[in-house]
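Peer 1: Just the structure for this:
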Amino acid sequence: MESKKIFCRILGGKRVAAAAAALALCLMAQGQGGVPTVSTEQSGASTEQSGASTEQSGTSNESGNAQSSVSAAYPSDIDSVEFSLLTCAPGHEVYTVYGHTAIRMNDKRQNGRDLAFNYGIFSFKKKFFVLRFIMGLTDYELAAWPTRVFLEDYKKEGRQVIEQPLNLTALEKARLMAALFDNCREENKTYRYNFFYNNCTTKARDIITANIDGRVDYHWKESDITYREMVHQYNASMPWNSFGVDILLGVAADRKIDNTQQQFAPITLENDFNNADIYNPDGTTRPLAMQAKQLSPSGIIVTSGGFPLTPNDCGILLLLFTAVLTFVEWKREKVFWLLDVIYFLIIGVNGIILTAMIFSEHPTVSLNMNILLFNIIPLFFIPMTIKRGMKKLNNPYWKFEGVLLLLYLLVAAPFIQKIPVALIFVALSLLIRCVAALAVPQRLKSGKEGKIS
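Peer 2: All right, here's what the predicted structure looks like:
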């Protein structure tokens, strides 16, 4: 699921269509001596091509007849090309924690090309990258470079890479080859990324299965899991990652998902390919993937210590801190309005993000019960909180906030959406402040009236 921070272009410019077909022909041509050169710098510069040119027709993923004629003309030499699914183990960075998937095309003849097709290319340097990612407007790209270059980073990081050779016919190889190079064209390489529904793993799966003659059967067993639960599995050792995602994921993330939806995760797809069979049109069957092999061994991944406290630890400390200060406030007959302003700022800033998520294209974030806790409304009442707090007067906004908190704790959390325990502590802290904000001024008022009488 993670992606490198570089852009690699393969067969750029207006000659791409011709070059794609040319490469397919050259790789399949008997006794050919001029395989187009694909050179890529590790820094991610660009990839150039040279060699024979041909007509644009026959390179599109949809042009099945043209692809059939290409593969039929060279039925023997395409067997030297092997396609594989590459599954990369998770890393310790936020964008590597779910692993990664790529497709390898390896021409095993002498001087043959060995390329890794990667649907996970993005750049943090693009304008408004974080905002676009939150809003579901992130565009990723497909690129290809030599497999040895692709593997270098994983070997350095000690991350395992498993290769599963695909059991494809000559016709299927020709179609897949043409489809991949067609996807690499300048006008086709960019796609709208979605973490669960359209990522580097689902794109690899879809292009492989779309070019197989027959039905792929994964022999699935019944499963009972949600997107949120899968995210928790991958972030088990990273509680703050899990907590952050929990805040952003909404009601849809708690619905049970089917086996196809679970294949957004690279390791899940790897396991499914291991068990899958292809049911051919003639009634025969064959395994989808052959014996897997390791291209990069597992190593010791060194991670920084990180923040020593978990979200739950911080939630408990916040609750205790709030309770103690509120008790002091009550005993001293003070109004700690500054504390309320700080809480309103925290609620409001987080509320800006969750409000923006309502308009996000991510299907699992738009309806989110956490907006009952984090919303922008308190920001508009900060001036009134300061003014009335300095005069030790009741703040009527807390009545509305109290209703929201009770809905969050008594309705949303137990019945609608899975809420992180840490947020329960946050809500209880705010509820304490709510009671105090309504009760303390009233007590002060009663005390003054008692003295006057």
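
Peer 1: where does the stretch 201-350 of the chain dip in pLDDT?
Peer 2: Scanning the stretch 201-350 of the chain for pLDDT under 70 picks out the ranges 300-305.

Peer 1: what about the helices in it?
Peer 2: Ranges of helices in the stretch 201-350 of the chain, per DSSP state H, counting those that start in this stretch, are 227-234, 239-248, 259-262, 266-275, 311-332, 337-357.

Peer 1: And for the stretch 351-453 of the chain?
Peer 2: Secondary structure of the stretch 351-453 of the chain (DSSP H, counting those that start in this stretch): helices located at 377-380, 382-390, 397-407, 421-452.

Peer 1: first to last residue in stretch 114-130, what's the distance?
Peer 2: 34 Å (C-alpha to C-alpha, to the nearest Å).

Peer 1: Give the buried residues for that stretch.
Peer 2: For stretch 114-130, burial by neighbour count (16 or more other C-beta atoms under 10 Å) applies to Leu115, Ala116, Phe117, Asn118, Tyr119, Gly120, Ile121, Phe122. C-beta coordinates here come from the backbone N, C-alpha and C atoms, glycine included.

Peer 1: and Met230, what is it in contact with?
Peer 2: If a contact means C-beta atoms under 8 Å, 6 or more residues apart in numbering, then Met230 has Gln262, Ala265 as its contacts.

Peer 1: Look up how far Thr138 lies from it.
Peer 2: Met230 sits 20 Å away from Thr138, going by C-beta to C-beta, to the nearest Å.

Peer 1: how far away is the residue nearest the centre of the chain from Val245?
Peer 2: In the chain, the centroid-proximal residue (C-alpha atoms, centre = their mean) is Phe195; its distance is 3.4 Å. Noted for Phe195: a distance of 10 Å to Val245, by C-beta to C-beta.

Peer 1: Give me the domain ranges for this protein.
Peer 2: Domain segmentation of the chain under automatic domain parsing yields 16-223+258-296, 311-448.

Peer 1: Tell me where the stretch 51-200 of the chain has strands.
Peer 2: Here the stretch 51-200 of the chain has its strands, by DSSP state E, counting those that start in this stretch, at 81-88, 100-107, 114-121, 139-146, 161-165, 190-192.

Peer 1: can you put those strands in a markdown table and add distance to Ala276 and mean pLDDT?
Peer 2: What follows is the strands of the stretch 51-200 of the chain, written out as a markdown table (distance: least, C-beta to C-beta, whole Å; pLDDT from 0 to 100):
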| stretch | distance to Ala276 | mean pLDDT |
| --- | --- | --- |
| strand 81-88 | 11 | 97 |
| strand 100-107 | 15 | 96 |
| strand 114-121 | 20 | 94 |
| strand 139-146 | 23 | 93 |
| strand 161-165 | 10 | 97 |
| strand 190-192 | 24 | 93 |
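
Peer 1: Tabulate these (CSV), appending distance to Ile376.
Peer 2: Converted to CSV, the strands of the stretch 51-200 of the chain look like this (distance: least, C-beta to C-beta, whole Å):
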stretch, distance to Ile376
strand 81-88, 40
strand 100-107, 36
strand 114-121, 34
strand 139-146, 29
strand 161-165, 45
strand 190-192, 28
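
Peer 1: Report pLDDT for the residue nearest to the centre of the chain.
Peer 2: On pLDDT, Phe195 comes in at 90.

Peer 1: The one 3 residues further on too?
Peer 2: At Asn198 the predicted local distance difference test score is 94.

Peer 1: Same check on Phe124?
Peer 2: So Phe124 comes in at 70 (pLDDT).

Peer 1: And for the one 10 residues further on?
Peer 2: For Ile134, the pLDDT comes out at 76.

Peer 1: how near is it to Leu269?
Peer 2: According to C-beta to C-beta, Ile134 stands 26 Å off from Leu269.

Peer 1: ok, for Asp340, nearest residue in space, not its chain neighbours?
Peer 2: Thr385 (5.5 Å; C-beta to C-beta, 6 or more residues apart in numbering).

Peer 1: Next, the contact list for the one you found, please.
Peer 2: With C-beta under 8 Å, 6+ apart, Thr385 has these contacts: Trp337, Asp340, Val341, Phe344, Asn395, Tyr397.

Peer 1: rewinding a little: quick one: which of the helices of the stretch 351-453 of the chain is nearest Lys221?
Peer 2: Proximity to Lys221 (C-beta to C-beta) singles out helix 421-452 among the helices of the stretch 351-453 of the chain, at 30.8 Å.

Peer 1: any idea of the mean pLDDT in the closest one?
Peer 2: For helix 421-452, mean pLDDT is 76.

Peer 1: please renumber so the chain begins at 57
Peer 2: Done: numbering now begins at 57, and the last item shifts to helix 477-508.

Peer 1: what about Asp280, how many residues close to it?
Peer 2: 7 (other C-beta atoms under 10 Å).

Peer 1: Show the contacting residues for it.
Peer 2: By C-beta under 8 Å, 6+ apart, the contact set of Asp280 is Lys312.

Peer 1: And Phe377, by the same measure?
Peer 2: Residues counted as contacts of Phe377 (C-beta under 8 Å, 6+ apart) are Ser485.

Peer 1: And Arg215, its phi and psi?
Peer 2: The phi/psi pair for Arg215 (degrees, to the nearest 10) reads phi -100, psi 130.
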